[in-house]
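Trainee: Got a sequence here, can you build the structure:
(one chain, ligands or ions: 1)
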Amino acid sequence: MSHRFDVTQNIWEDLYKGGHKLSYPNDVFVRITHRLLDSSIHPRVLDYGCGSGENLLHLARREFQMTGADISDSALETTRQRLQEADLNAELQLINGATLPFDDASFDVIVAWQVLTYNDWNSLPVILAELDRVLCPGGIFIATMSAPGDFMEQNGKPLHNGLYELQSRGQEGALIMIVQEAQLPDCFPGKAIKTGWFAHEFDGIPSHHWIISYEK
Ligand SMILES: C[S@@+](CC[C@H](N)C(=O)[O-])C[C@H]1O[C@@H](n2cnc3c(N)ncnc32)[C@H](O)[C@@H]1O
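Mentor: From the prediction side, this is the model:
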């Protein structure tokens, strides 16, 4: 477990309780999942850190069997309401630590979009091992991690080895990781990862992310 798991959990719970909500799925998420996933081959998808559910709803509309998991009850409540309004179904699960409440090999696909950054070098391998445990053999893992130059780096106090303490309003005290490209294989030892990146900047706010995928 991240040694600031409770800090991160309180931050996101407060943000979602205050109405934080993204209305549409991430465009790169839409393109990557369209390219890699077929609901007739990989039907069961876990959206780990699903937040307010925009990516989850997108895949539910594409007829995947969705499970959403998050550390914020309010995020799951927002997702639940949006599913109801859209007449779609998904299982929703609150995460309370490093152990995932799912059986081994429960999912054909795991997506973890803009979530894994909320870790440190101790907690990251623990959660990645858990996610790998619940992914079935032949399953597909797709995630992002924050890349150098991201606005979180500019709003974080550097600690050591890519670890930052966030100081941006509403996220003060959260620990995040911003890894170099050369560190990605170390984050996923033993996995044949495919990597990529996406970045954009608008109104002075840069957003830089690695994309990581592997087949189990
Ligand atoms: C930047 S938001 C991304 C939400 C969504 N995946 C998206 O792309 O819009 C980060 C999300 O990760 C969740 N989160 C942070 N740490 C987590 C953890 N250890 N386990 C599960 N979810 C976590 C937060 O509650 C929040 O909903």
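Trainee: Find the residue ranges of the chain scoring beneath the pLDDT cut-off.
Mentor: Residues of the chain meeting the criterion pLDDT under 70: 1-3.
Trainee: And the helices in it, which stretches?
Mentor: 5-17, 27-36, 54-61, 73-86, 123-134, 151-154, 184-187 (DSSP state H).
Trainee: what distance separates the last one from the middle of the whole chain?
Mentor: Translated: helix 184-187. Taking Cα atoms, centre = their mean, to the nearest Å, the mean C-alpha location of helix 184-187 is offset from the chain mean by 17 Å.
Trainee: repeat for the fifth one
Mentor: Centre-to-centre, helix 123-134 and its host chain are 13 Å apart (Cα atoms, centre = their mean).
Trainee: thinking again about what came up before, most tightly surrounded among the helices of the chain?
Mentor: Across the helices of the chain, averaging neighbours per residue (mean count of other Cβ atoms under 10 Å) puts helix 54-61 on top, at a mean of 22. Any C-beta I mention is one placed from the backbone N, CA and C, and that applies to glycine too.
Trainee: so what does that one touch, helix or strand wise?
Mentor: For helix 54-61, the elements it packs on are helix 27-36, strand 44-48, strand 65-70, helix 73-86, judged by 3 or more Cβ pairs under 8 Å, 6 or more residues apart in numbering; DSSP states H and E.
Trainee: Same list, these, but as CSV with distance to Val7 please.
Mentor: As requested, these are arranged in CSV below (distance: least, Cβ to Cβ, whole Å):
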stretch, distance to Val7
helix 27-36, 26
strand 44-48, 19
strand 65-70, 16
helix 73-86, 16
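Trainee: on that earlier part again, just tell me which of the helices of the chain ends up closest to the ligand.
Mentor: Ranking the helices of the chain by their distance to the ligand (criterion: Cβ to the nearest ligand atom) puts helix 5-17 first, at 3.3 Å.
Trainee: got the contact list for that closest one?
Mentor: Applying Cβ atoms under 8 Å, 6 or more residues apart in numbering, the external contacts of helix 5-17 come out as 2, 51-52, 70-75, 77-78, 97-98, 118, 123, 170-175.
Trainee: Does that helix reach the ligand?
Mentor: Yes: with Cβ under 6 Å from any ligand atom as the criterion, the ligand is reached by helix 5-17 at 8, 12.
Trainee: do the same with stretch 113-122
Mentor: Yes: applying Cβ under 6 Å from any ligand atom, one finds stretch 113-122 in contact with the ligand at 113-115, 118.
Trainee: before we move on, back to that, with respect to Pro148, which of the helices and strands packed on helix 54-61 lies nearest?
Mentor: When these are compared by Cβ to Cβ, helix 27-36 sits nearest Pro148, at 17.8 Å.
Trainee: quick one: the closest one to chain centroid distance?
Mentor: With Cα atoms, centre = their mean, you get 14 Å for helix 27-36.
Trainee: What of stretch 104-121?
Mentor: Relative to its parent chain, stretch 104-121 has a centroid offset of 6 Å by Cα atoms, centre = their mean.
Trainee: tell me which parts of the protein are close to the ligand?
Mentor: 8, 12, 22, 26, 48-51, 54-55, 70-72, 75, 95, 113-115, 118.
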